[in-house]
Every structure is written in structure tokens, then in C-alpha cells.
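Enquirer: Pasted the sequence and its predicted model underneath.
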Number of protein chains: 2
Amino acid sequence: MTAVIDPPRTAPAPDVVRRILDTAKSEGRSALTAPEAKELCDLYGIPVPQEGVAKTADEAARLADGMGYPVVLKIVSPQILHKTEAGGVIVGVNSADDVKSGFQTIMDRARQYDPNAELIGVQVQQMLKGGQEVIVGSITDPSFGKLVAFGLGGVLVEVLKDVTFRLAPVSRADALTMLDGIQAAEVLKGVRGAKPANREALADIIVNVSNLVNDIPEIVELDLNPVFAREDGATAADVRVVLDFEPKAKRYLPSQDEIVRQMNRIMKPEAVAVIGASSEDGKIGNSVMKNLVNGGYQGKIYPIHPKADEILGYKAFKSVKDVPGEVDVAVFAIPAKFVAQALTEVGEKKIPGAVLIPSGFAETGNVEGQDEIVAIARKYDVRLMGPNIYGFYYTHKNLCATFCTPFDVKGKAALSSQSGGIGMAIIGFSRSTKMGVSAIVGLGNKSDIDEDDLLAFFEQDDNTQVVAMHCEDLKDGRAFAEAAKRVSKKKPVVVLKAGRTSLGARAASSHTGALAGNDKIYEDVLRQSGVVRARSLQDLLQFARGIPVLPTPKGENVVIITGAGGSGVLLSDSCVDNGLSLMAMPPDLDTAFRKFIPPFGAAGNPVDITGGEPPTTYKNTIRLGLEDERIHALILGYWHTIITPPMVFAKLVIEVKEEMKAKGIEKPIVASLAGDVQVEEAAEYLYDHGVVAYPYSTETPVAVLGAKYRWARAAGLL
Amino acid sequence: MTAVIDPPRTAPAPDVVRRILDTAKSEGRSALTAPEAKELCDLYGIPVPQEGVAKTADEAARLADGMGYPVVLKIVSPQILHKTEAGGVIVGVNSADDVKSGFQTIMDRARQYDPNAELIGVQVQQMLKGGQEVIVGSITDPSFGKLVAFGLGGVLVEVLKDVTFRLAPVSRADALTMLDGIQAAEVLKGVRGAKPANREALADIIVNVSNLVNDIPEIVELDLNPVFAREDGATAADVRVVLDFEPKAKRYLPSQDEIVRQMNRIMKPEAVAVIGASSEDGKIGNSVMKNLVNGGYQGKIYPIHPKADEILGYKAFKSVKDVPGEVDVAVFAIPAKFVAQALTEVGEKKIPGAVLIPSGFAETGNVEGQDEIVAIARKYDVRLMGPNIYGFYYTHKNLCATFCTPFDVKGKAALSSQSGGIGMAIIGFSRSTKMGVSAIVGLGNKSDIDEDDLLAFFEQDDNTQVVAMHCEDLKDGRAFAEAAKRVSKKKPVVVLKAGRTSLGARAASSHTGALAGNDKIYEDVLRQSGVVRARSLQDLLQFARGIPVLPTPKGENVVIITGAGGSGVLLSDSCVDNGLSLMAMPPDLDTAFRKFIPPFGAAGNPVDITGGEPPTTYKNTIRLGLEDERIHALILGYWHTIITPPMVFAKLVIEVKEEMKAKGIEKPIVASLAGDVQVEEAAEYLYDHGVVAYPYSTETPVAVLGAKYRWARAAGLL
């Protein structure tokens, strides 16, 4: 993938734009008039039908020559309102001569129609000649800000909602992907004898619309509908621009460096205060203390309690302000009503982070209470995690700053969840599958710290190789998209967006606005940001577990090697479902595989080694698959037989894998195991040794490989 | 659902049809001419543009009056080939007077153009007035036979392949479902100011096309493209009919009674012969004997071996012909080359079934060898299972007629697989999840016994409550569809169709033919047959396991009760994905739920009882959900807390469920458990007690409930 950078640009004629906006504002309008909209389009290079007023026949012909034929001629006179009635309109005029005679005809008829009318001249207007109808537009999303939309006009966009979105500003490369990003993209290539649409011209319009809405914050919705896309260009037949003069409040957003500095102190603290620490079993403040102490955290622990002198062997303090040394993070385990006071003390003590476990804020309707603590945090520059969370784990510091069960399988996957329930599912799944974890973080109400803050931290955290996030909304989708775009170039970012099926029925006054189902926006923007989207909780968990295990593939060629023909077919289905490319087997490689398999086995792809084969057949074919440079990833289908029992298979796979690794060859390998219950142990052995393997499933191993590929492609590694 | 039966009908004018076909055949044509096609359309009530030839102006006006305006007038003369050049065509004639003067004009011009031409008269043809373009057609599928297709014309059908299929004959009710069965169905209702299409007229055309292709086997493809669908009717503008005069060979198909009799003897035999039985460990014939003996099979076992006198304590025979009593089924455990001879002996012994474990037939290219044994089987009326299979299990007879590992968890799910590998996955999964099984059957090459034979058996097998089948192709899709349609009214039939993404690129000479991707046909026909389609191996297995556990819902109203708000959102997503209806909560029920939950909890649906609640809150809300008659199914979201630990939750759910059952209330309940690893035990307990429960997944429990609903709807129970 070659990165194409659009040239730098400056907004054209800001004074003209200002004048147009000021006029609209002073007239109390929330939409531009047609001439205003046309003026903007002209400024931004968005082709609209050309027009001009001619005072003479020659001038009319000159105008028409300039805009191309056919043209429409119309009388211009303040007194003649019903132009057609006056015989003052001629459509489809095809040559300069016809324009000249048409000019004369119209003037004559007008004079005849109303001898007293003031005849200013004849308007010459370009007549659009059809082509494919498309729609280009822009909306302003509460979370993502300005978005640009593209779709096919008519039934396709109105009934099938076949439309695609990108965050503005849209690069030229992005604009071209939009043309391919709709279901009916083939239509643009010209079907049923139609000429293809001019892709360059359409990309121009998309980029220019993007520039227009990006330069002018007051434009909240814009429709070019329809745009006629022809072989020789594209023209917007109708333009609609909706304005909003009330600027949106800016979100508090520290610099990236500042975020990283803050997050590092919070996530990897040298000293933790537990506000509401308790010796009493069953109290949240007791669970937090126990998890910190028993989890093996090596930093300083300061229990804060109004009365106690000591908790679990640690000296207690009445307030964080009494703590002698520096404190990096304060974990709150006190009821909501006491949070504001304690947070003020945390601010005064200059503690940079507060982990707010307590519930009883916005989620219960107590929005004021939440606003109050956010204001305190802003005043003292304290970052807030939560409220209404389980806390967080950072395993490489043995830090378990939560009231939940402790977790200690260190590894490379960082996970976050907006919901506590999902957080508990993450912990249970991680423990059950021995998934190596760097961090698990609860975000809850996200009064301050958001997914983009976490991304900034995980980006530079050497213990994290994949970030998997469950979220229900993104309070600042644009900041998230920007962070994800940056981070996903280095580390896979997996997102499970909950609530994806409850399409936002938002009031919208434009056509594009009405098209904006929330989920389609998430879908397109997440993809634009390089995010691997998980479709289900299991996807999120399995991707988080599997992605760091697999090496990054060096190319698109996937080969299936299977003992069971039946698994081969299902694995092929899964490849198609997950956008993987089954390599067309080159003849020499086909011959090489055939040497190892029975004559009735099938080479090609899948390589079907057939069921009754001994371990050597699996071994030889897998070795060949790893050795040949044209193959970039292997999918194995195992069939349980007495000749090659499950653990024998598992061990031979790892043996060949290690043998190849010693030669510097590393490729992603996933496996589907069909057999009696012994395949469960074999799958576990394989997974522990770097092969993503599942019993009784032909789809999950391929889905994990597909997720790795989707990331690698988005990161530009393929 | 009210069953609407179409009235009985007889084929119209078979003599006319015969004459048309004979002419085409005698002329060596594989397509009908336009007038022939029109004649057929007229016979079958398919509206095509009306036409007639008038010799006088009055006659022309009379014809035009009969067909409605506008009309087209054309000169009819053997000598005038270029009618337009001769001025012999007038389009858009709108009244009787204009027809009369037009007649005269055309005749005059023709006479002027060629004074010697023989002027037969003027053709008056109905002129189609637009409307929505749709396509109605028919293809002949190698497996399913005659299918009828419906789609929208133009880009929608050509680019988006938005088309739907049904097996012919199509009932009127089915035809109406086709109109709603395309993605862009809304277009027919009239969008962008268009008038709605006449549904009755379109259904008429579909039914009439279905009758036409069903009556006339020689018609293998048919296109009505486009059909103009208007508010006041629909007319096919162009008709294309493709013929094939070579009749297809009929498949061997015993009567249903005969199939059931044969299959009962095979699946529930009183006496089994094992051909190739062996005392030697590691031999297939030894494994089969051991599985029969150790599995606890109570019928007679006859080992067949050329030399041995006794195998595993059972008297051995040299041939099945030497066995004294009757034998119901012979299990073959001998190499392929000996099968024909042994099968002949089986035939001579009048054994009704042969289970052919050996491979080495069609799957290795030995098609001749397979044809040979099929011929022997037909000769002696022996039904063949296989070859190239693992055999079969019928647990309620303790019958394990396979060489694989034995399986003994008796239950209600019958499973079959075309592939041995998938069979082993079924066995492993079944054992691992303690899924109760009635039968597991390998079908392999399906030289004879097919999925429809199995369906006929399972239909009347009281030990089977759900049938789950993995298949790669259906050799006789039509017989399968008919069996499935019948059986699925009584028992759920789940099908995993492998190879679904490799769309059959079949040569086709019609438009409809080219549209026929294999998978779309499977999709529509399986749905038409009441089959619940599984999208993955895990779906097949989980549906087989879960469907018999859940009682059949009595209505569509689903309610989610959740401790974790986050799970509630994901469970709602899954409901939409699975076509389930979240009940709009009636105000009185909302009030009733609110009594049990904290003030900041959310009633509505999901009912969010919030995280920190004690067991009583779960209990009260679940009880209410079961008691209220307006609710038909419950989805539970559990969040692991110290206050309500996993097993406490599991037990209270079962307690309430049993309490309600005692009152005669039974509703399907599924559960998603979010928590630490203890939720795994809780999920197992729930499943064992009739609640389909999964840890770490919000999607699988809802998918199983969705599968149960899809079946119940198709079976007409909702």
C-alpha cells in the first residue's frame, strides 16, 4: 500500500464565505439560498450547472460555447414571472446558431407578451445530460463530527441504504475507496450498456465537499443530490446546505504527551492510595486492599480511612493529604456522596489520577453529581477513570486495583470494557483460556478517561501487543478514530461496538442526514481507522487471545491442509466469509504436495491428504506449506484417527513449526480439530505453542486468522 | 398462519402445447419463437402485450378499443421489411379516431412506398406504459428441478443479484412471499412518488409461470424480462423459453412406506452381520465388533469371516448366506474390491440394508466400482448406506455400528454428516457437552441412502426430537425439500450446507439461469421447506443440543432480564441479529417489574435489575417474566457478584422454573453468564436443568433461541 498524501491547501476566499454566512445569519436562515450554495460550490470546485445572463445574441452564443451544449435559454425580466407562459423558455438548444436565433425568438416573444416589461436579457444555463445518479453529502455526527457520505441515487440509496461514510477531511485515496465502498459499486463501472462514471470527477467532488464542510464549521448538513456522473465528468444538479451558528462546546483534551504522562502514572503507579480502605470482609475497600496486597503489587500502598490506624498491615491515613510521599493514583471505594470532598483532597495533594469505583452518578440519573466531580477534576487537573467501574488490572506491575477477583496471567492483550458485566466476562474468559493479559480496564461512565486515552497509553506500553475494547458509545468518536488510526499502524485494535443494531433515529433535515444510521457510520469510520471490528463478545475475546499468538503474515496466500475433506469445504467457506484468499496452487507446488499424499487425495487448495494417513503425511505437507515462500499462512484441518491420534498430531505440528522457526520461517498457523474429546487437550497444547486451534469448530480458527489479516492490511503491512 | 390451498387445476390445452413443442423439436430448435412463446403465455394467463392484425380502419379501432390505449400501429406486408423506412409505424396512438386515421395513413404510405406490395393489413399492438420493471423466470436445477425466480429488473437484479427462488409448483401464498423475499421489496410498494406495483397481478404471473414450467418438462429455462408491474396490472414485455428434449433419468425412489420399513430395519435391527469381523486389534472389523458387543447391543450379532469359527465369543460364518436366521443389516468392514461379491450374498440372503464403511469408491475416482455395487443393490433391493462412512450409532438400541469411539449419552438429537471428519466432531462435541443423542449417521458418498431417507426414518422415530444434518450437496434436493417440509412441521430440521460460498458458475442460456448462484437457491428452498439453516459447524452442534432442551414458545414476545446493563445491550443486538422481537413493555408490566428493581434500574426491555442485587431480585423478576402471559420467552443476563454468586443464580433460576412448571407454565429460557470461571459450572447446571446457558457469550444463547423460533414459525406454531 503506497501512502498518497494530498497536497496542502488553504481555504479559498474566506471573505466571500463569511459574507454568505453573515447574510444567512442576519436573515435568520438555517439554509443557504440556491445562488449562495452555487457560489460556494464554485469556490470549492464542485461542478454545478453553469449559467450566465446574455444581453445580446452573440453574448448568449459565447456563454453557451463556454459551457457546452445542450443549453436552456430563459427570459430574464422582473416583470415576466411565468416565463413558459410567455414563451420565454427554450430547452435543448444544441448549437451557437440555434442559441442566437433562440435569443432573438425569446426576446421577440417577451416583447410581444408584455411590451412594457424591462427585458434584462436571456439566461443561458447548462443542461445536464443524464448519466448515473449518485449522491454526495455531509452530516455532522455528535460523536464523530463532520462526515462525508457517498451513495448511488434513487432506489439504491433510498431503499437499500447503500451508502458509505468517511470522516472529513477525506483524502483523495479515501475518496476513491468510497466509490468502491458501496454494495452496488459495479454500477459505476457501467452496466446494461451504460457508460462508466468518471471516477476522478467523483473523487474530486467528494474531496471538495470534504474541504468545504471542513473549512466551514457552520455547515452541519450538505446534500448534492443528485449528482449526474458521466464518462466525461460529474455535475451536481441540486445543492442543499444546512447551517448551525451555535458552536459546540469543546471537549477537554490534553496534548498526547500529557495524556501519556498522566496515563503512565495511573496505569503503572509507584504509589497507590485506597480511599475507603477497610479491614472488614465484604467491603469494596477491603477487596481492593486485598487485591493490591495479595496480587503482589510492589509499590507503596496507602490506605485512607477516617478512623483506622492500620489496614491489612499498612499504615492508614485520614486523608490523602496526610500521606507523606507522592501518590500516583487514588482508588475510590467510598459511596458516591463522599466522592467530591475526597476528590478535592486528591486534587490538593496533586495526585494525577482517580479511579472512581463508586456508582450512583450519571448511570442512576445523578448527572449533577457527575458534573460536580468532573469540575473538581478539571480544576485540579486530575484524570478520572469511571465512575461506576470495577477498576483496572495492570498485570506486569502485579497491580489489581479492583474489587473483583484477582487476575495474574501476564501477557500481551489489553482489554477494556464500558460495562462491568462485560469486564467480569473478560476476566472469566481470560482465566479459563489462560489468555495472557497486560491490562483489563473498566471505563464505566467515562466522565473523563475514554478509549482514546487508553489507546495513547497502550500505544507506548511495551507489554501490550493487542488492544481489545468493548464500548457502547464513543463520547468523542473523532478523537478515538484519530488515536486508533495512529495506534493500529503499530498494534491491532479490536472493537466490539455494542448497540450496533439500534439504529439512531436522529432528526435530520437533509437527505444524507436521514441516511445516517449510527451503525453504518461506526462501521465505515472504524474501518477507516484501521480497527478490527468484533461482531460478538466471543469474537472480541477470541481475537484478543489469538491475534498476539499469530505472527503477522507476509502476504495474502492462504493454504488449507486437511485430513478431512469435509472440514476442508467448511474451512474454505470460512475463508470466503473472512475475506481470506485461498491461493491458486501453482503446478509445481501441486506436484510437490502430491508426492506426499495418496493418489486419490486432492492437491489444489485445500490440500486434502485424506483421512487414514500417518503422522508423516501431516508432517511432510505442513513442512512444505511452511517452507514454500509463496504460501503465507496455513489453516490445518485435523481428523481424529487411530493412526494419527490428537496429541500425536498436535506435537508433530509444533515440531515442524519449531524446526522452521529455527530456520527463520514464521507464518501464522491456525487449526480446526475434528474428533473425540481428546482433541480438546490437543487444541490446548497447540494454542500454548503458538498455533491458534479449536476443537469442533471450522469457523473460529479462520475468523481469528481473518482478524489478523484485516489488521495487517489496514496497517499497510500487506 | 392459515394454510391456503390453491384450487386443483388441469393443464390447459395439452394438444396446443404438444404441437408447439413438436414443431420446435422437428426444427431442431432449443428455444421457442416469439409467437410460440406468446401463444404459451396466452394459454397460461401470462399477460403479454396484446396484438392483432386489422384489415380495415374500423377493425383496427375495434382491436385497439379491446386492448386499451396507447397502441402501436405497424404495416403488415411480406414485401415491406423495413417498416419504419416505409413510414409504416406509428407509436403512441391514443384514441379510436386516431387509430382509424393512422390506419389510413399507414396504408397510403405503404402503397406509395411500394405500389406492388401485398398489403395484408395493419398490426395493432398494445403499448406498455412503464411501471416498475421486474423479472420472473424459471430454471431447472440438477438437484432441485424446476425453480421459479423473482427479482427487480435492471441494476438491482444484475448488480446486487437481488432475486429469490422457490421450488415449482409455487402456491399463491408462496408467490406472495416471493414479493417480500427480495432485499428491495419496498420498491414494489412505490417509492420516490412511484405508484405501488399490483401484488395480485405479480403473484398471478409467478403462479402461472410455475404452472407452465411444471406442466411442460421440456421447458428448462424461462425468462419474463422485463415485466412491467403497474398499479393496475403487470405485463411481460419480453418472453424467452429454452427447451431440452432429453428427459432426465429418474432416481430410484421407493415409496415413503417402503423407505420407513427399510430404514427401521437398518437403524433398529434385531440382527446385525459384520462382514469382515476380526479378532485382531486395530482392524476396522474388530473395532465394529467391539463397539457392538461393548456398546451393549441386545440383538443378534453375526461375525462373517472366511476362516474364523468364532470372533469375540460370537460364532462366525463364512458368508451371510450361512447365517441361520433373518438378518436386518450387514456392516461391511472389508476392502472395496471385495464389496461387490459380499453385497451379492447380502442380496441373496435378502438382507434389506448394507452399511458400507469401506472407502475406495467414487471419492477416489472409482465411479465404476460404485456404479457396480449400486446396480447389485437395485437388483436385490438392498438399501446402501455409504460407501466411505464411519457407520452409524442408534443409542436407544445401544447400537454402535461404527469403527469409531463408542457413544452412549442417550437423548433426542439425531445428527448426520456427509463427511467422516465432521462425524468425529459431532461425537467429540456430543460427549464433551453431554448432548443427548438418538442417532449419529455417516452418509459419505450417498450412493443410495440420502438425507431424505434419514428424514423419513427420524420423522416416525419417537426417540428423535430434532434432526441436524451436515451436507455438502443434496443428490436429490427436491426429494429432500419435500421430506423436510413434511418433517419440519413435526420436528425441527437443522441443516449445515457446506460449500455455500462456492457459487456454482453454471453455464446458462437465460438471464434467470445466470442469476442462479447455488447458495441462494439452497437458502430459499431450505427456508421454503421449514429448515433451520446453520451457518457454521458450531451453530449446527449448538442448535442440535439446545433446540430439544427448550419448550416451544407460544408467541413472539421476548423479554431480557439482566443484571449487567452491558449484557443487556449485547443481548438486544443478538435479538435483532436473530430475528427475535423484544416485547414493547406494557405500562402495567413495567410498573410490576419496577417494584422489584432499584429506582435507577431500567424497566422497559431489557429489564435492567442492575448489578449489585441480591438473589431475590433475580427471582422476583424472573418469576414475573414467567407468570405474565404476554411474555413468551426469557433471555437472562447474569453478572457475577459476591451478593449473588453463579451457583446461587443458577439454582434460583431452576427453582423458579420448576415452581412455574408445577403451575403448568413452561417457556423457553436462555441465559448469558458474565463472570469469573465459576460461571462455567453454573451454565452447565442450568443447561442440565433445561435452561440453555453459556458463559462469556451474549450471542450463542440468543442464537439457539432464535433457531427454536425460526422452526416454530416455519412449522406454523406461531
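Expert: Alright, I've got the coordinates.

Enquirer: For A:Arg431, give me its contacts.
Expert: For A:Arg431, the contact set (Cβ atoms under 8 Å, 6 or more residues apart in numbering or on different chains) comprises A:407, A:409, B:676-677. Quick note: C-beta positions are derived from backbone N, CA and C, even for glycine.

Enquirer: measure it to A:Tyr394 for me?
Expert: 16 Å (Cβ to Cβ, to the nearest Å).

Enquirer: And A:Lys100, by the same measure?
Expert: From A:Lys100 over to A:Tyr394 the distance is 81 Å, taken as Cβ to Cβ.

Enquirer: which of the contacts of A:Arg431 sit farthest apart?
Expert: A:Val409 and B:Asp676 (12.9 Å; Cβ to Cβ).

Enquirer: Between these two, tell me which one has more neighbours.
Expert: B:Asp676 (22 against 13; other Cβ atoms under 10 Å in any protein chain shown).

Enquirer: hang on, the more buried one is in a helix, isn't it?
Expert: No - B:Asp676: not assigned to a helix; according to DSSP: H, G, I helix; E, B strand; the rest coil it is coil.

Enquirer: That one reaches A:Gly428, doesn't it?
Expert: Yes - assessed by Cβ atoms under 8 Å, B:Asp676 is found in contact with A:Gly428 at 4.6 Å.

Enquirer: what do those two both touch?
Expert: B:His640.

Enquirer: I'd like to know how many residues surround the closest residue to A:Thr433 other than its chain neighbours.
Expert: Nearest non-adjacent residue to A:Thr433, counting by Cβ to Cβ, 6 or more residues apart in numbering or on different chains: A:Arg545, 5.9 Å away. By other Cβ under 10 Å, the residues close to A:Arg545 number 24.

Enquirer: A:Arg545 in helix, strand or coil?
Expert: Quick answer, by three-state DSSP: A:Arg545 is helix.

Enquirer: quick one: contacts for the nearest residue to A:Ser95 once chain neighbours are set aside?
Expert: Distance criterion Cβ to Cβ, 6+ apart; nearest residue to A:Ser95, sequence neighbours excluded, is A:Tyr69 at 6.6 Å. Contacts for A:Tyr69 (Cβ under 8 Å, 6+ apart) come out as A:93-95, A:127.

Enquirer: one more time with 10 Å, if that's ok
Expert: A:92-96, A:98-99, A:126-127, A:129 (Cβ atoms under 10 Å, 6 or more residues apart in numbering or on different chains).

Enquirer: A:Gly625 too?
Expert: Counting by Cβ under 10 Å, 6+ apart, A:Gly625 has contacts A:559-561, A:589, A:593, A:607, A:631, A:633-636, A:656, A:660, A:667, A:669.

Enquirer: Which of these fall in helices?
Expert: Among the contacts of A:Gly625, the members falling in helices (DSSP state H) are A:589, A:593, A:656, A:660.

Enquirer: and the stretch 151-300 of chain A, which residues reach chain B?
Expert: The stretch 151-300 of chain A comes close to chain B at residues A:152-156, A:158-160, A:162, A:183-189, A:191-192, A:194, A:281-282, A:284, A:287, as judged by Cβ under 10 Å from any Cβ of the partner chain.

Enquirer: Give me the subset of those lying in helices.
Expert: Those of these mapping onto helices are A:155-156, A:158, A:284, A:287, per DSSP H.

Enquirer: Give me the buried subset of the residues of the stretch 151-300 of chain A next to chain B.
Expert: In those, burial by neighbour count holds for A:152-156, A:158-160, A:162, A:183-184, A:187-188, A:194, A:284, A:287, counting by 16 or more other Cβ atoms under 10 Å in any protein chain shown.

Enquirer: Name the nearest of those residues relative to A:Leu356.
Expert: Distance ranking of those against A:Leu356, using Cβ to Cβ, places A:Ile284 first at 11.9 Å.

Enquirer: Help me confirm that the closest one comes into contact with A:Leu356.
Expert: No - if you go by Cβ atoms under 10 Å, A:Ile284 and A:Leu356 don't touch, sitting 11.9 Å apart.

Enquirer: Now for these two: what residues contact both?
Expert: Shared contacts of A:Ile284 and A:Leu356, defined by Cβ under 10 Å, 6+ apart, are found at A:331-334, A:391.

Enquirer: re the thing from before, the contacts of A:Tyr69, buried ones only, as a ChimeraX selection?
Expert: To isolate the buried members of those in ChimeraX, using 16+ other Cβ under 10 Å:
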select /A:93,96,98,99,126
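
Enquirer: show me what contacts the most centrally placed residue in chain A?
Expert: For chain A, the residue sitting closest to the mean C-alpha position, by Cα atoms, centre = their mean, is A:Leu526 at 0.7 Å. Counting by Cβ under 10 Å, 6+ apart, A:Leu526 makes contact with A:474, A:477, A:480-481, A:484, A:488, A:493, A:495, A:497, A:532-533, A:714.

Enquirer: let's go with 6 Å and repeat that
Expert: If a contact means Cβ atoms under 6 Å, 6 or more residues apart in numbering or on different chains, then A:Leu526 has A:495, A:533 as its contacts.

Enquirer: Could you tell me the per-residue confidence at it?
Expert: For A:Leu526, the model assigns a pLDDT of 94.

Enquirer: Distance check, it against A:Cys471.
Expert: 11 Å.

Enquirer: swap in A:Tyr113?
Expert: To A:Cys471, A:Tyr113 is 66 Å away according to Cβ to Cβ.

Enquirer: now do A:Gly52
Expert: For A:Gly52 relative to A:Cys471 (Cβ to Cβ), the value is 53 Å.

Enquirer: ok, these two, which is more surrounded?
Expert: Comparing A:Gly52 with A:Cys471 by other Cβ under 10 Å, the one with more neighbours is A:Cys471, at 24 against 18.

Enquirer: The closest residue to the more buried one other than its chain neighbours: how many residues sit nearby?
Expert: Take A:Cys471 and drop its neighbours on the chain: the residue closest to it by Cβ to Cβ, 6+ apart is A:Gln418, 5.0 Å away. Under the neighbour criterion other Cβ under 10 Å, A:Gln418 is assigned a count of 26.

Enquirer: A:Glu246 now?
Expert: Residues within reach of A:Glu246, counting by other Cβ under 10 Å, total 7.

Enquirer: cool, and the one 3 residues further on?
Expert: Neighbourhood size, A:Ala249 [other Cβ under 10 Å]: 6.

Enquirer: Okay, and it sits in which element?
Expert: Assessed by DSSP states H and E, A:Ala249 sits outside every helix and strand.

Enquirer: And it, its phi and psi?
Expert: phi -70, psi 140 (degrees, to the nearest 10).

Enquirer: any weak-confidence spans in the stretch 251-400 of chain A?
Expert: When residues are selected by pLDDT under 70, none of them lie in the stretch 251-400 of chain A.

Enquirer: quick one, helices of it?
Expert: A:256-267, A:284-295, A:339-348, A:367-380 (DSSP state H, counting those that start in this stretch).

Enquirer: and the residue of the stretch 251-400 of chain A nearest chain B?
Expert: A:Thr364 (3.3 Å; Cβ to the nearest Cβ).

Enquirer: So that residue versus A:Gln370, what's the distance?
Expert: Relative to A:Gln370, A:Thr364 is positioned 10 Å away (Cβ to Cβ).

Enquirer: Can you classify the residue nearest to the centre of chain A by secondary structure?
Expert: Assigned state for A:Leu526: helix (three-state reduction, three-state DSSP).

Enquirer: swap in A:Arg240?
Expert: A:Arg240 - assigned by three-state DSSP - is strand.
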